[in-house]
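S.K.: okay, sequence plus prediction incoming.
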Amino acid sequence: MILYPIAKINLGLHVLNKRTDGFHEIESCLYPIPLCDILEIIPAEETIFLQTGIELPNSNEKNICVKAYDLLATKYNIPPVYIHLRKQIPIGAGLGGGSSDAAFVLKGLNELFSLNISQANLEHFASELGSDCPFFITSRPCLVSGRGEILSPSSIDLNGKFLVLINPNIHISTKEAYALINPKQPVGELEEILSAKQIDWKTSLVNDFQIPIAIKYPIISETIDFLYENGAYYAAMSGSGSTVFGLFDFDPVNEVRSAQGLVFAGKLAR
């Protein structure tokens, strides 16, 4: 079985407060984009994980794909599997690549072994692996709240718009990102801001991580300025960084093709 775990961008991100469980209460809009990893899952004599493509940071922890397999293996009678992850979504980049990989392992195992797990239960299992993992079970535009695991469908539509992703090759951990900000109540309601004209997002749609992270890493604000200078009607950092994205009404490939760290430039469709 071959699967293609997709990435996401955040359209606005408000960090509201710190919860008693140590997580933060947030609100954001997650939008799926056509940048993906490649995931192969096949039955095997023993569970083996192989990762190629972009190198993962050295860690003694199990890869989240293996954690996803282990989670279902403790609840269902499934055989060992061989998992090959071809990593193409930048890591520590605010694009949700690891969360997507985990969610697609859950979906893949469910299909491969005919487990008949409902979407609601898959989302529940995904929430045990990471805050934004449930989003990738549906992979449709969603408003998220709680620590990111509470989903509600969003009518936001970027169909026909052009997207540019630029990654400055800075790995920003979630822990580092949250250490740089002070939670606060937003000036406006996110859903109301998103429903306004997209041309107005530049002055109203805010990612609370962007300013403090850009102070530490000025390349973030420099990249956002570059996208605006080349015609983006909205540009921002995605999630907790470090990838910056720009939305355009035209194909900007000639304007941005020389940008260092260019990851993706293409048209969005639903």
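M.R.: Thanks, I have it. Numbering: from 1, shown residues only.

S.K.: next one: the longest helix anywhere in the chain to chain centre, how far?
M.R.: Across the chain, the longest stretch assigned as helix under DSSP state H is helix 97-112. Relative to its parent chain, helix 97-112 has a centroid offset of 14 Å by CA atoms, centre = their mean, to the nearest Å.

S.K.: check stretch 108-118 too.
M.R.: Per CA atoms, centre = their mean, the centroid offset for stretch 108-118 relative to its chain is 23 Å.

S.K.: same question for stretch 20-32.
M.R.: Using CA atoms, centre = their mean, the distance between the centre of stretch 20-32 and that of its chain works out at 12 Å.

S.K.: got the CA coordinates for it in CSV?
M.R.: Taking Å, rounded to 0.1, in the frame of the first residue of the first chain, the C-alpha atoms of stretch 20-32 are listed here in CSV:
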residue,chain,number,x,y,z
THR,A,20,-3.7,22.9,33.5
ASP,A,21,-2.5,19.8,31.6
GLY,A,22,0.5,21.7,30.3
PHE,A,23,-0.8,22.2,26.8
HIS,A,24,-2.0,25.6,25.3
GLU,A,25,-5.5,26.5,24.2
ILE,A,26,-5.3,27.6,20.6
GLU,A,27,-7.5,28.4,17.7
SER,A,28,-6.5,28.2,14.0
CYS,A,29,-7.6,27.3,10.6
LEU,A,30,-5.8,24.4,9.0
TYR,A,31,-5.8,24.1,5.2
PRO,A,32,-4.5,21.1,3.3
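
S.K.: please enumerate residues in contact with that stretch?
M.R.: 6-19, 96, 131-132, 135, 139-148, 154, 156, 158, 178, 183, 186, 190, 194, 239 (CB atoms under 8 Å, 6 or more residues apart in numbering). Where you see a C-beta, it was placed from the backbone N, CA and C, and this is true even at glycine.

S.K.: and stretch 68-80, by the same measure?
M.R.: With CB under 8 Å, 6+ apart, stretch 68-80 has contacts from 43-48, 62, 81, 83, 101-103, 105-106, 109-110, 113, 115, 125, 128-129.
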